[in-house]
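Participant: here is my input, please return the structure:
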Amino acid sequence: MARGLKMQGLSKTMTELPEVLVFDILAKLPVKSLIRFKCVCKHWSSSFQTPLFITQHHRNHLRNNDLNFIFKRSIGNSSPDYRYYSLFQLSTEDGQSFSLKQNIRLPFFDDRWRSPQVYGPCNGILCVESEGNLALWNPSTRQFKILPQSSVQRPPSADRTRFQCIGFGYDSQTYDYKVLRFVSHMYKNDHGAYSRETKQVDLYSLKGNSWKEISVPGVSALGSSWHDNHVNGTYYWPANGADDGGYSCILSFDMVNERFSTLSLPGFNGGGFLEYELLLLNFNGLLGAITFPWTGTLKSLEIWVMSGSWTKLSVIESVPVVDMPLGFWKNGELFLENSDGELVLFDPSTREFRNLGIHTCYKGSMNIIAYAESLVTFN
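Facilitator: Sure thing, here's the model as predicted:
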């Protein structure tokens, strides 16, 4: 009863304001509050589902840098037989004390031995993949859609099919979400060893809820999960045109015209991309990159941004005990996994480290992905 009276009072107060102002206020609220407020009246409930309100709400959270973080780590011990993975919400109350909340269970992917790969975000939506199975997930509304299996024909003579390098993005012309995946078909020789493979690229459309085959690019995309590689309708992967294992270019896919293209790598100091790692990310609406050496106790991180050409934004010199950069916190600080498998926050301006008291049992198994809340639905 008290809750009902509170809602009635809220509704009366809000209806005394101009409607434009009311919805401007509502578009700044968390998704959890808006879900509750759907019961105020049918007009509010239907308005929260309009593209205009959904877009305004998501942009408000992006503009205010109001981000949420999903964190993956391994639990158990260092032995592969006793190691499993869990997903958590990484949160902080005051910007100082970090904690892991809500051990996330995903339908269809609840296999603790195999952690799903996460791609995105795109308008607050994430794409989840494991063992060739795919789903779209809105962590704000908890909506989850399992994608159908592809009906694209596979070579009947292939002995094994492998799915790799997912791409996930938004087509702003048709208002459609699309998922791209690279498919390799493996063939055994007379001795039982895999000696040959053919490649294929499948593209899924949410609007059509169907797959189709598209042309294969001339270079091979390399892994990109757990990094925000979707920028303004284009998805990016580090790529390789040879068989030496290093990077030779960046492969991109335009979600509107459904075409591949390539662009050059950023410059780097010393060595080659056989010795350097390249992480691509969305940097304030532009394609960004972090380069750093694979080995060494003192690693220098270079941060680049693409705006017509590559520009080096900063160099973080000789950072000790860094194993892997994971992504940015809200204020430009950098999440890092250190050489002891601990999560730390590094402030480039002061060069100070803050150990967040979170660790993994298996070094190199941490991942973080950030997203802004969204009301986007898959229906």
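Participant: phi first, then psi, for residue 193.
Facilitator: phi -100, psi 150 (degrees, to the nearest 10).
Participant: residue numbering should commence at 800 henceforth.
Facilitator: I'll keep to 800 as the first residue from here, and by that count the last item is residue 992.
Participant: lowest-pLDDT helix or strand in this protein?
Facilitator: Least confident helix or strand of the chain, by mean pLDDT, DSSP states H and E, is helix 801-814 with a mean of 48.
Participant: could you point out which element follows it?
Facilitator: Counting by DSSP states H and E, the next helix or strand C-terminal to helix 801-814 is helix 818-825.
Participant: name the helices or strands packed onto that next one?
Facilitator: On a contact count with 3 or more Cβ pairs under 8 Å, 6 or more residues apart in numbering; DSSP states H and E, helix 818-825 meets helix 801-814. Backbone N, C-alpha and C define where each C-beta goes, glycine included.
Participant: excluding covalently adjacent residues, which one is nearest to residue 1003?
Facilitator: Computed as Cβ to Cβ, 6 or more residues apart in numbering, the closest residue to residue 1003 that is not its neighbour in sequence is residue 978, at 4.2 Å.
Participant: I figured the one you found hits residue 967, correct?
Facilitator: Yes - using Cβ atoms under 8 Å, residue 978 makes contact with residue 967 at a distance of 5.3 Å.
Participant: neighbour count: those two, which is higher?
Facilitator: A direct count of neighbours by other Cβ atoms under 10 Å for residue 978 and residue 967 places residue 967 higher, at 27 against 23.
Participant: list the contacts of that one.
Facilitator: 918, 919, 921, 924, 925, 926, 976, 977, 978, 979, 1029, 1034 (Cβ atoms under 8 Å, 6 or more residues apart in numbering).
Participant: nearest to residue 892 among those?
Facilitator: Nearest to residue 892 among the contacts of residue 967, counting by Cβ to Cβ, is residue 925 at 24.1 Å.
Participant: kindly provide the distance from the closest one to residue 856.
Facilitator: 17 Å (Cβ to Cβ, to the nearest Å).
Participant: and if you look at residue 998?
Facilitator: 40 Å.
Participant: which one's more surrounded, these two?
Facilitator: residue 856 (25 against 12).
Participant: surely that one meets residue 1174?
Facilitator: Yes - the criterion here is Cβ under 8 Å, and residue 856 meets it with residue 1174 at 5.7 Å.
Participant: next, show the common contact partners of those two.
Facilitator: Joint contacts of residue 856 and residue 1174 (Cβ under 8 Å, 6+ apart) are 830, 833.
Participant: which residues in the stretch 800-949 of the chain form helices?
Facilitator: 801-814, 818-825, 830-836, 841-846, 850-862 (DSSP state H, counting those that start in this stretch).
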